[in-house]
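sequence below, structure please.
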Amino acid sequence: MLVTQKTQYALRAIFELAKHREAGLRKISDIARAQAIPERFLEVILSQLKRSGFVMSKRGRHGGYQLMTPPDLISVGDILRFMEQSERPLHCIACISRCQCPLDGGCAFRPMWNQIENAIYHIYDHTTIQDLINNETDCAAYANG
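Have a look, this model is predicted:
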């Protein structure tokens, strides 16, 4: 299963907001710089995430974005499903083209592909944003160690 660039950016934006949750509002330019996300894409993504309730924003000179939900209550699967709800293909995950399967449901491989997708989502659903923050902390400790 491929994760779109837009969804990767959304995950990284949520991750960055979660890392600095206690500090309050974060400016788009700071998030973009820290996570190597083009600002023009980040504006659109944060707007979508705001509509989802994952983040809130405040306008003005001292404005910015802030995570609304504690990072241990947001799974990677939550973000993936929200970001890809309108882009999710209606075909088998193994199909390269964006069209329906030419075997029209008679594919012997489809159950296997579905099991793989379910296994992947199991991992996404059991990985929280807090887990990712902990991973970063552990990696930094190991690198300095």
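
this protein: helices as residue ranges?
When secondary structure is read from DSSP state H, the chain shows helices at 5-19, 28-35, 39-52, 76-84, 110-125, 129-144.

local confidence estimate at the residue nearest to A32 when sequence neighbours are not counted?
Leaving out its chain neighbours, the residue that sits closest to A32 by Cβ to Cβ, 6 or more residues apart in numbering is E39, at 4.6 Å. For glycine as for every other residue, the C-beta is placed from the backbone atoms N, C-alpha and C. Among the per-residue scores, E39 holds a pLDDT of 96.

thought D30 was touching E39, still the case?
No. With contacts counted by Cβ atoms under 8 Å, E39 stays clear of D30, the gap being 10.4 Å.

the two: which has the busier surroundings?
Shown here are E39 and D30; by other Cβ atoms under 10 Å, D30 has more neighbours (14 against 11).

from G63, how far out is L49?
According to Cβ to Cβ, to the nearest Å, L49 and G63 sit 16 Å apart.

that concludes my questions; thank you for your assistance.
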